[in-house]
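In: sequence below, structure please.
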Amino acid sequence: MIFFNKDEQLENLGLGILDATWAAFGTLARNQIALTWVVYDPPVRVNTGGALTPNAFWDHSVRGFTYRGVERIYPASVVKLFYLVAVNEWLEKGMSQTSKELERALQDMIVDSSNDATSLVVDILSGTTSGPELPIGPFETWKYQRNIINRYYQSLGWEEMDTINVCQKTWGDGPYGRERAFVGELLENRNMLTTNAIARLLHSIVGGVAVSSARSQAMMALLKRPLNDISPDAEENQVTGFLGGGLTENAQIWSKAGWTSQVRHDAAYIELPEQRPYLLVVFTEGKAQAKSRDILPFVSKLVAEAIASL
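Out: Next up is the predicted model:
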């Protein structure tokens with residue numbers, strides 16, 4: 001059972017937003033965008049500083065809209081959200097110990113989207129390291145260890161996690177050695193996520209029930225993006241060209257973006273003054289879409305306007 005209720009009002013608004021987006025961007029095909037949008041109607045049970053128990057939080061229903069929300073898509077750096085939650089779970093359970101280097105890596109992985117930092121985080125999560133190719137036996141063991149992150153997400157029992165793959169590092173130039181062998185000849189084992197799976201994970205963080213209330217709040221602090229203190233020509237600030245780019249400066253956003261030469265994605269929780277808070281995950285695929293710094297802000301602006309109409 002999907003974690004939100006489908007809703008006719010949001011369905012109509014969401015389809016209208018998609019139609020306007022396709023009309024504005026002629027190169028964007030119907031199968032090159034996926035979207036999940038969740039609205040928090042009053043009484044708002046998110047971003048409360050962890051005031052709710054997990055049972056109280058999950059029993060409280062929310063409404064949403066999704067388009068192609070179950071399609072498996074390469075997530076680029078949005079996968080770092082999954083590594084952030086997993087590390088906090090490991091620390092909470094005593095499976096890993098914190099250190100200055102791990103704290104620095106988590107900060108750089110989320111705030112700056114550093115791939116080098118992510119490499120350390122994945123090593124700590126899995127007890128594996130990158131390097132030359134391995135003989136068959138040791139490589140089987142290595143692969144089993146690396147898949148511990150997938151096993152953790154399967155163990156949550158959320159149907160949104162059934163089809164995901166979150167066991168690969170993120171790269172600048174791409175994997176080498178055992179990492180190249182692990183991703184598969186045709187990249188068949190690369191990371192894959194759906195916008196619904198990301199929305200559910202972000203929903204749990206915002207709800208204060210991801211790992212623990214205190215850890216959820218710490219994760220939220222890393223995800224917070226300033227809207228009024230960014231250089232517009234900054235290449236990679238995770239706001240310009242993403243969902244934050246479609247918001248006014250008095251909005252608040254907590255987000256994790258991802259982009260390559262083939263995709264441009266963002267996942268965000270957004271609060272507008274005097275409006276219902278909401279969660280929005282938008283994935284776009286294709287070279288033209290990846291280059292476009294206009295599509296995600298355009299969608300974000302239309303969703304913000306729709307929220308104001310509720």
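
In: what segments of the stretch 201-310 of the chain are strands?
Out: 224-225, 252-259, 263-271, 278-285 (DSSP state E, counting those that start in this stretch).

In: domains of the chain?
Out: Here the domain assignment for the chain is 1-72+229-310, 74-193, based on automatic domain parsing.

In: now the ones you listed in TSV, with mean neighbour count, distance to Val209 and mean pLDDT?
Out: In short, each C-beta sits where N, CA and C put it, glycine included. Shown next, in TSV, are these (neighbours: other C-beta atoms under 10 Å; distance: least, C-beta to C-beta, whole Å; pLDDT from 0 to 100):
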stretch	mean neighbour count	distance to Val209	mean pLDDT
domain 1-72+229-310	18	4	94
domain 74-193	17	11	98
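
In: thinking again about what came up before, tell me which of the strands of the stretch 201-310 of the chain lies nearest to Asn196.
Out: strand 278-285 (8.1 Å; C-beta to C-beta).

In: partner strands of that closest one, with direction?
Out: Sheet pairing of strand 278-285 (DSSP bridges) gives strand 33-39 (antiparallel), strand 263-271 (antiparallel).

In: and that strand with strand 252-259, angle?
Out: 20 degrees (axes from the mean of the first three to the mean of the last three C-alpha atoms, to 10 degrees).

In: any idea which of the domains of the chain gets closest to Met219?
Out: Nearest to Met219, of the domains of the chain and by C-beta to C-beta, is domain 74-193 at 5.8 Å.

In: ok now the closest one, how far from the chain's centre?
Out: Remark: domain 74-193 is offset 14 Å from the chain centroid, using C-alpha atoms, centre = their mean, to the nearest Å.

In: do the same with stretch 194-210
Out: 8 Å.

In: could the strands of the stretch 201-310 of the chain be laid out in CSV, adding distance to Ala308?
Out: As requested, these are exported to CSV (distance: least, C-beta to C-beta, whole Å):
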stretch, distance to Ala308
strand 224-225, 21
strand 252-259, 15
strand 263-271, 12
strand 278-285, 11
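
In: so which of those is nearest Thr128?
Out: So among those, strand 252-259 is nearest, using C-beta to C-beta, at 22.5 Å.

In: how about the CA coordinates for the closest one, as CSV?
Out: What follows is strand 252-259, C-alpha atoms only, in CSV (Å, rounded to 0.1, in the frame of the first residue of the first chain):
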residue,chain,number,x,y,z
GLN,A,252,12.0,27.4,3.2
ILE,A,253,13.4,24.2,1.5
TRP,A,254,15.2,21.1,2.6
SER,A,255,16.4,19.2,-0.4
LYS,A,256,18.8,16.8,-2.2
ALA,A,257,19.5,17.3,-5.9
GLY,A,258,21.2,15.0,-8.4
TRP,A,259,22.4,15.6,-11.9
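
In: neighbouring contacts of that strand?
Out: 75-81, 110, 113, 206, 220, 223-225, 227, 238-239, 242-244, 247, 264-271, 290 (C-beta atoms under 8 Å, 6 or more residues apart in numbering).

In: show me the one of the strands paired with strand 278-285 that comes nearest Met1.
Out: strand 33-39 (14.7 Å).

In: ok, and what's touching the following helix or strand past that closest one?
Out: Of the helices and strands lying after strand 33-39 in sequence (DSSP states H and E), the nearest is helix 54-59. Residues outside helix 54-59 that contact it (C-beta under 8 Å, 6+ apart): Phe3, Arg45, Gly207, Gly208, Val209.
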